[in-house]
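# next comes the sequence, and after it the predicted model I'd like to discuss.
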Amino acid sequence: MPICASITKGYTNACAGIKVGAKQLFLGNWSTFANQITLDADREITDLPVATLFRVEGLRNSMGVTENPEINLDLATIRFVQNATVKVGDIDADKHLEILGKYAKTKLVVFVQLASDKIICFGRENGCYISQANASSGVTNGDLNGYDLIFTAEEPNQSPFCTASTTEPFDNCPDITVTPDFNS
């Protein structure tokens, strides 16, 4: 498959003060979202299925995303490697069972609310998996006591963004339930 496209835009640098990092993750079972995420012509998500998204808040300054195209010109192939990182504080039995016992064994779709409040979707087409899940009690004060997680997707297309929410993530998607909710 040849890699063919035409560029249509250029960009200038943004002003200082851009918000970096991410605020929270929303995890969903990929099987619920498979072939059910609607995109418009600009590859923006306009509709989601009836589903529950599980909200994960990370520790301050511990969340971020990367997305890198991996291009093989000899084979004319491209894939987009999408990574979402998060540190979740405090090791306990409930988190241990859920994070290491379920998150690590489940094909997911991962929505990430960036610090700018834009929401990006990883694993829409092929799913997203935990590629790193470290539980650490730390050694000295100041060390992480919790989980260091990386969610990775390898997709044929770049990740889409969701249409803008009004006041809370997914408030414009009536079929989405977020748990825990934002009042918890």
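Nice, I can see it. Numbering: from 1, shown residues only.

# quick one: the strands in the chain, in order.
Secondary structure of the chain (DSSP state E): strands at 22-29, 38-39, 44-47, 51-57, 64-72, 77-89, 108-114, 119-122, 128-136, 146-155, 161-162, 176-179.

# mind putting those strands into a markdown table with mean neighbour count, distance to H96 and mean pLDDT?
C-beta here means a position set from N, CA and C on the backbone, and glycine is covered the same way. Output for the strands of the chain, formatted as a markdown table (neighbours: other C-beta atoms under 10 Å; distance: least, C-beta to C-beta, whole Å; pLDDT from 0 to 100):
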| stretch | mean neighbour count | distance to H96 | mean pLDDT |
| --- | --- | --- | --- |
| strand 22-29 | 20 | 16 | 95 |
| strand 38-39 | 14 | 36 | 94 |
| strand 44-47 | 15 | 32 | 94 |
| strand 51-57 | 18 | 15 | 96 |
| strand 64-72 | 13 | 24 | 94 |
| strand 77-89 | 18 | 11 | 95 |
| strand 108-114 | 25 | 18 | 97 |
| strand 119-122 | 23 | 24 | 97 |
| strand 128-136 | 16 | 7 | 93 |
| strand 146-155 | 21 | 9 | 96 |
| strand 161-162 | 19 | 31 | 96 |
| strand 176-179 | 15 | 19 | 96 |
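
# figure out which of these is closest to F170.
strand 176-179 (4.4 Å; C-beta to C-beta).

# distance-wise, check the nearest residue to D47 once chain neighbours are set aside relative to E44.
Once flanking residues are discounted, D47 sits nearest to T38: 3.8 Å by C-beta to C-beta, 6 or more residues apart in numbering. Distance of T38 to E44, computed by C-beta to C-beta, to the nearest Å: 10 Å.

# same thing with L97?
Counting by C-beta to C-beta, the gap from L97 to E44 is 36 Å.

# T8 now?
16 Å.

# next, format the strands of the chain as TSV and append distance to P169.
Converted to TSV, the strands of the chain look like this (distance: least, C-beta to C-beta, whole Å):
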stretch	distance to P169
strand 22-29	7
strand 38-39	18
strand 44-47	12
strand 51-57	8
strand 64-72	15
strand 77-89	15
strand 108-114	5
strand 119-122	6
strand 128-136	17
strand 146-155	17
strand 161-162	8
strand 176-179	7
